[in-house]
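> Got a predicted model here, sequence first, then my questions.
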Amino acid sequence: IPKKVKYPPGYTSHNRVKLIKGGADYFDLAERLINKAIHSLHLQIYIYEADQTGARITEALLRAVKRKVKVYLVLDGYGSNKLPLELIETMTTAGINFRWFEPVFKSKDFYIGRRMHHKILVADGMYALVGGLNISDRYNDLPEQPAWLDWAIYSEGEVSMELAARCIQLWPKKKIEKPPLSYFKHWKSLLPNQEECLARILINDWVRNKNQISRSYVELFHRTSHEVIILSSYFLPGRVFRKNLTMAAKRGIKIRLILGGNSDIKMAKAAELFLYPWLLRRGIEIYEYQKSILHGKIAVFDSQWVTVGSYNINNISAYASIELNVDVDNERFGQSVKSKLEEVIEKECVQITTDDYSKKLNWLLKFKRWVSYEIVRLVFFLFTFYFKQERSSTKKTLPI
């Protein structure tokens, strides 16, 4: 009798995965998944806007409802607060099951509580997209407007079933219908052994005592032996993450960071720039993305382990928001992700060196960045308190 294979904690093996770049590729695939759904659709999104991209996804969901597909839509009460009530009424009247992820307390002026930062789409409990993309034109390729740089994982198999189960947790049990297990049994019989891929879902929800993504980064830093590539928006690592960066650099690990050259949140970028000297002193390479706004959250360790999802490397993701990532342990997939990130470095980034940084730095700019860093740290410290934004075009939602 052959011995049962032991996998690392949390991983399942019957999976197919593919890295999907944000923009047209992502939204084309999302629409196809919605159009092909037979039984159920789960969509959990932080920001859902009533723009061209939002209208496209809404229309696809409404078509699914007409096919008698059970559609469950959960939006964050803070990130999606600009969504018109008329559109929500149209959805619910058509038969879409709609829920807000609500805070602990809110009023006209204040929002106190966690944010649901998930970006998940699951069709029929078997086919899923997980990443950092919201439903908005900013994340889509439109004429004369390149999409913000972002990534997602498309998955089929056991990990998608776990994602469906995670989505179901946010619904009252009596109000949701689970997909038949026969879907998975049929799919599993078609999966060749050589295509099996280890994958797992990880959750950060500090209020619920879950810090799986934060711990996974620490684990991967300890396991890596030669190189790390991290692409991260709003990169403001906390004490534990900085300690692990330092330890890895001292062990001779080559660390490359892909950060945004431009940012939609100027103060957050100024705070990030304040950390550059600290990073450069440790031999960590910094590459700034130039083509558009960088919004992705993806890392690859030793061309073997990959993590992709909604988790930003800062204390809001670590301690305030509910985050979800997918980890993949597969050499072929890891190599492909590494190649894609190296292509971004080569074709769309400029490297920041110590000399380049020092030439542009004066005492006033250094002071400004220090002030920005301290202010952002204070905001992160007060992570459960958010001013609810007015419905005004002059104010912007922090899309992290």
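Looks like it came in fine.

> which SS state does the closest residue to Ile34 other than its chain neighbours fall under?
If you skip the residues right next to it in sequence, Ile34 has Ala60 as its closest partner in space, 4.1 Å away by CB to CB, 6 or more residues apart in numbering. All C-beta atoms are positioned from the backbone trio N, CA, C, and that covers glycine. Per DSSP: H, G, I helix; E, B strand; the rest coil, the secondary structure class of Ala60 is helix.

> Same check on Gln44?
Using three-state DSSP, the structure places Gln44 in strand.

> is it true that it touches Ala164?
No - taking CB atoms under 8 Å as the definition, Gln44 is not a contact partner of Ala164, at 10.9 Å.

> neighbour-wise, which of the two wins?
Under the neighbour definition other CB atoms under 10 Å, Gln44 and Ala164 were set side by side, and Gln44 has more, 26 against 22.

> Could you pull up the residues touching that one?
If you count contacts by CB atoms under 8 Å, 6 or more residues apart in numbering, Gln44 has them with 73-75, 116, 118-120, 167, 170.

> and with 7 Å instead?
Applying CB atoms under 7 Å, 6 or more residues apart in numbering, we find Gln44 in contact with 74, 116, 118, 120, 167.

> again, but for Val122
For Val122, counting by CB under 7 Å, 6+ apart, the contacting residues are 42, 128, 160, 163-164, 167.

> Of those residues, which belong to helices?
Secondary structure of these is defined by DSSP state H; positions in helices are 160, 163-164, 167.

> How far does whichever helix or strand Ile201 is part of sit from its chain's centre?
Under the criterion DSSP states H and E, the helix or strand holding Ile201 is strand 198-205. What separates the centre of strand 198-205 from the centre of its chain is 12 Å, taken as CA atoms, centre = their mean, to the nearest Å.

> got the contact list for it?
7, 10-13, 15, 17, 155, 159, 162-163, 166, 210-214, 216, 311, 317-318, 322-330.

> Now restrict those to buried residues only.
Burial by neighbour count, judged by 16 or more other CB atoms under 10 Å, picks out 11-13, 15, 17, 155, 159, 162-163, 166, 211-214, 216, 311, 317-318, 322-330 from those.

> for the residue nearest in space to the middle of the chain, what are its contacts?
Centroid-nearest residue in the chain: Ser310, 2.0 Å away (criterion: CA atoms, centre = their mean). For Ser310, the contacting residues are 117-119, 132, 297, 323-324, by CB under 7 Å, 6+ apart.

> could you dump the residues you listed to a markdown table with secondary structure and distance to Phe221?
Converted to a markdown table, those look like this (DSSP: H, G, I helix; E, B strand; the rest coil; distance: CB to CB, whole Å):
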| residue | secondary structure | distance to Phe221 |
| --- | --- | --- |
| His117 | coil | 23 |
| His118 | coil | 25 |
| Lys119 | strand | 25 |
| Gly132 | coil | 21 |
| Lys297 | strand | 16 |
| Glu323 | strand | 18 |
| Leu324 | strand | 20 |
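
> Give the PyMOL command for selecting the buried subset of those.
Below is the selection syntax for PyMOL that covers the buried ones among these, with 16+ other CB under 10 Å defining burial:
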select buried, resi 117+118+119+132+297+323+324
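
> still on that earlier bit, between which two of the ones in helices among the contacts of Val122 is the distance greatest?
Using CB to CB, the two most remote members of the ones in helices among the contacts of Val122 are Ser160 and Cys167, lying 10.5 Å apart.

> Comparing those two, which residue is more hemmed in?
Each of Ser160 and Cys167 had its neighbours counted (other CB under 10 Å), and the higher figure belongs to Ser160 (29 against 24).

> Any regions of the stretch 301-400 of the chain where pLDDT drops low?
With pLDDT under 70 as the threshold, the stretch 301-400 of the chain has low-confidence stretches at 357-363, 367, 370, 373, 377-400.

> Now with 50, please.
Per-residue confidence for the stretch 301-400 of the chain (pLDDT under 50) gives these ranges: 384-400.

> close enough to count as contact, the residue nearest to Ile34 and Leu29?
No - the pair formed by Ala60 and Leu29 falls short of the contact definition of CB atoms under 7 Å, at 11.7 Å.

> Do you have the helices of the stretch 1-150 of the chain handy? List them.
Assignment of helices within the stretch 1-150 of the chain using DSSP state H, counting those that start in this stretch yields the ranges 24-36, 52-66, 85-94.

> Out of these, which is closest to Ile253?
Closest to Ile253 of the helices of the stretch 1-150 of the chain, according to CB to CB: helix 24-36, at 30.9 Å.

> Can you name the residues in contact with the closest one?
Applying CB under 7 Å, 6+ apart, the set of residues contacting helix 24-36 is 20, 41, 53, 56-57, 60-61, 63-64, 121, 123, 127, 129, 133, 140-141, 152, 154.
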